[in-house]
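1. for reference, the sequence and a predicted model appear below.
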Amino acid sequence: MIVYVISADHAYTIRDYLRDWVAPDERKFIQVIYYEEAPWRWLALPATYLFTDIERLTPGEVPILMEYAQRLRARRCRVLNAAGTVPRRLELQNRLFGEGINPFRLWPRAAFDQVRFPAFLRRANSHSGSIGDLLHNPGQLAERLRSLPESDRFADDLVLVEFFDTRDHQGRYHKYSAIRTGETLLPRHVFTSLNWMLKAPDILDAPALELERDYVRQFPHRDALGRIFTIAGIDFGRIDYSLQGGNIRVWEINTNPTLMPRKKALAESRREVIEETHRMFLQALRTLDDGRIVDSRLNAEWARVRARHRRAVLACFWKRKIFGKDRA
């Protein structure tokens, strides 16, 4: 069994993947659990515990989850992405800059005066991308800050990111992605665009499709990415990066990534290669499953866990409906 721990408001990543890509009878080895269910109080059954959405943990949850991971390991459970060891975006980028992997930096608000322009604003603990377009001088930065809604302007995780241009000779940007799942590192996709902020591929011509196919089937950066994940100390996550002069430049490692695109939105020209990455990823997940449901007692206990989670899903739904989102 894999216990996939995630924040309720952002569980669409695993939920959409299981619904769109995994047959119902194949989903039984993954049990989704929300942080909002406080599993540290009641769940320690034999399993592999995979903690996601590390960026969205509250300061109070981190020490609780560190102690929880220790208890699980004492029970011989496998733990991936233990809180306290996985860096958030600002810390990760500082590590990568120190290792000479990234030539650009992220700066917290107190150090905005040290930035090298051009740069862009973003929330460090969010995955919504840049806040506005590129900024080219301190005056533009000041004007942008004045125009932000208070929720962004005074956010503790507001950062300024130095822009690093990775366009190729055709003026195209390419965002490569790979996923680490325990000891397994897998290619995920290549997005091609004329825009520097890529959330989806908007160029699907023959060269772009060939680049993605070659990347998935040859995975030329496997060893270098393995070293980066080791530096990061992340057991599960998706790395997004580009190449500049053959060198890897890391944009982020997302511990709650979109695992696969929505099937109904998938371009037919990419379907074959994306289905190939799905088969690799599903096999990697199966490898994490320790297979320790071997008697009727444990089966019954997991049935109670599933029933409890279904009640939690309903409770979180109504809480969001009435009070709004719980996390960033």
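-> Cool, got the structure.
2. alpha carbons of the one helix or strand residue 275 maps to, as PDB, please.
-> Residue 275 is part of helix 271-288, with elements assigned from DSSP states H and E. What follows is helix 271-288, C-alpha atoms only, in PDB (Å, rounded to 0.1, in the frame of the first residue of the first chain):
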ATOM      1  CA  ARG A 271      -0.900  10.800 -27.100                       C
ATOM      2  CA  GLU A 272       1.400   8.000 -27.900                       C
ATOM      3  CA  VAL A 273       4.500   9.400 -26.100                       C
ATOM      4  CA  ILE A 274       2.400  10.600 -23.100                       C
ATOM      5  CA  GLU A 275       0.800   7.100 -22.700                       C
ATOM      6  CA  GLU A 276       4.400   5.700 -22.800                       C
ATOM      7  CA  THR A 277       5.400   8.000 -19.900                       C
ATOM      8  CA  HIS A 278       2.200   6.900 -18.000                       C
ATOM      9  CA  ARG A 279       3.100   3.200 -18.200                       C
ATOM     10  CA  MET A 280       6.600   4.000 -16.900                       C
ATOM     11  CA  PHE A 281       5.200   6.100 -14.000                       C
ATOM     12  CA  LEU A 282       2.500   3.600 -13.000                       C
ATOM     13  CA  GLN A 283       5.200   0.900 -12.900                       C
ATOM     14  CA  ALA A 284       7.400   3.100 -10.700                       C
ATOM     15  CA  LEU A 285       4.400   3.600  -8.300                       C
ATOM     16  CA  ARG A 286       3.800  -0.100  -8.100                       C
ATOM     17  CA  THR A 287       7.500  -0.600  -7.200                       C
ATOM     18  CA  LEU A 288       6.900   1.700  -4.200                       C
END
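3. how distant is it from the center of its chain?
-> 17 Å (Cα atoms, centre = their mean, to the nearest Å).
4. pull out the buried residues from the next helix or strand along the chain from it.
-> Using DSSP H and E, the helix or strand that follows helix 271-288 in sequence is helix 296-323. Residues of helix 296-323 classed as buried: 302, 305, 309, 312, 316 (neighbour count, 16 or more other Cβ atoms under 10 Å). Heads up, the C-betas are built off the backbone N, CA and C, glycines and all.
5. quick one: which of those is nearest residue 142?
-> residue 316 (39.6 Å; Cβ to Cβ).
6. show me the contacts for the closest residue to residue 97 other than its chain neighbours.
-> Nearest residue to residue 97, sequence neighbours excluded (Cβ to Cβ, 6 or more residues apart in numbering): residue 105, at 5.2 Å. Going by Cβ atoms under 8 Å, 6 or more residues apart in numbering, residue 105 touches 93-94, 97, 115-116, 162.
7. distance of residue 105 relative to residue 303?
-> Residue 105 is 50 Å from residue 303, where distance means Cβ to Cβ, to the nearest Å.
8. now do residue 201
-> According to Cβ to Cβ, residue 201 stands 41 Å off from residue 303.
9. before we move on, what about residue 91?
-> Taking Cβ to Cβ, one finds residue 91 at 40 Å from residue 303.
10. list the contacts of the residue most central in space within the chain.
-> Geometric centre of the chain, nearest residue: residue 254, 2.3 Å, by Cα atoms, centre = their mean. By Cβ under 8 Å, 6+ apart, residue 254 lies in contact with 127, 237-238, 240.
11. show the pLDDT at it.
-> Note for residue 254: predicted pLDDT of 94.
12. which residues does it bridge with?
-> Taking DSSP bridges as the rule, residue 254 bridges to residue 238.
13. so how far is residue 53 from it?
-> Distance, residue 254 to residue 53, using Cβ to Cβ: 9 Å.
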